[in-house]
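1. Sequence and predicted model, in that order:
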Amino acid sequence: DTGVSQDPRHKITKRGQNVTFRCDPISEHNRLYWYRQTLGQGPEFLTYFQNEAQLEKSRLLSDRFSAERPKGSFSTLEIQRTEQGDSAMYLCASSLNNENTEAFFGQGTRLTVV
Amino acid sequence: QKEVEQNSGPLSVPEGAIASLNCTYSDRGSQSFFWYRQYSGKSPELIMSIYSNGDKEDGRFTAQLNKASQYVSLLIRDSQPSDSATYLCAVKQRTGGSYIPTFGRGTSLIVHP
């Protein structure tokens, strides 16, 4: 399977715990995006990498969220001190390094904070 | 705040009819437009991209773009019950120094037999 891969698919955590999600993009894709989606809403942009550089970060993103893409391949998204409001689907997408190209999504990680 | 607007629906059409889904956007500098389909509990799946004014056809799907009116639409011909899903419009809009795919909230489509 050469699509975008996310791990884990589901995560249940207690409030206050830290969680980390992983995304493996399509191998030749330079661009990587993280989104969050809640029920009835479209994906909300969180952050964007071009290779290993984090070029954009949503102003709505709490400082409890951090993302890395250390070698320009896979990426991790960490949420510290989780809150119930962090419960959502976390989506990763990747694309080629060209403005007129499509982004392809992974299966997502569904986070439930109890 | 640059926005992508979609009617949340639901849009209900009978099997075999044409479903018409609409989207407007606010960033006049946008050049890339996409339609995704999302089944309940699943991630978005790309179905169409369009970059130039006019129509683009792919099987039963036709995307239409009018940059002057800042309007994108998706037509689904011969709608099938399996087309029942949420359809997300995405527009690459300038965010900081980059163009980022920005999504509408999606339109729920129900195709009834």
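-> Received it, and whenever you're ready, just let me know what you need.
2. So what's the residue count around the nearest residue to B:Gln6 once chain neighbours are set aside?
-> Computed as CB to CB, 6 or more residues apart in numbering or on different chains, the closest residue to B:Gln6 that is not its neighbour in sequence is B:Gly104, at 3.6 Å. In this view, the C-beta of every residue, glycine as well, is placed from N, C-alpha and C. Neighbour count of B:Gly104, defined by other CB atoms under 10 Å in any protein chain shown: 25.
3. Can you give me every residue that contacts B:Gly104?
-> By CB atoms under 8 Å, 6 or more residues apart in numbering or on different chains, the residues touching B:Gly104 are A:42, B:4-6, B:23, B:88-90.
4. per-residue pLDDT, the residue in chain B sticking out farthest from the centre?
-> What lies farthest from the middle of chain B is B:Gly97; by CA atoms, centre = their mean that is 24.9 Å. At B:Gly97, the predicted lDDT confidence score is 87.
5. Output the below-cut-off pLDDT ranges for the chain.
-> Picked chain A for this. Where chain A drops to pLDDT under 70, the residues are A:1.
6. that's the other chain; I wanted chain B
-> Residue ranges of chain B with pLDDT under 70: B:1.
7. same thing but at 90, please
-> B:1-2, B:8, B:94-97 (pLDDT under 90).
8. Mind telling me which residue of it is nearest chain A?
-> B:Phe103 (3.6 Å; CB to the nearest CB).
9. Was I right to think that residue contacts B:Leu88?
-> Yes - the pair B:Phe103 and B:Leu88 passes the contact test of CB atoms under 8 Å, sitting 5.3 Å apart.
10. Please say which of these two ends up with more neighbours.
-> More neighbours surround B:Leu88 than the other of B:Phe103 and B:Leu88, with 27 against 24 (other CB under 10 Å).
11. Give me the three-state assignment for the more buried one.
-> Under DSSP: H, G, I helix; E, B strand; the rest coil, B:Leu88 falls in the strand class.
12. Equivalent analysis for the one 4 residues further on, please.
-> With three-state DSSP as the basis, the three-state label of B:Lys92 is strand.
13. Many thanks, we can stop here.
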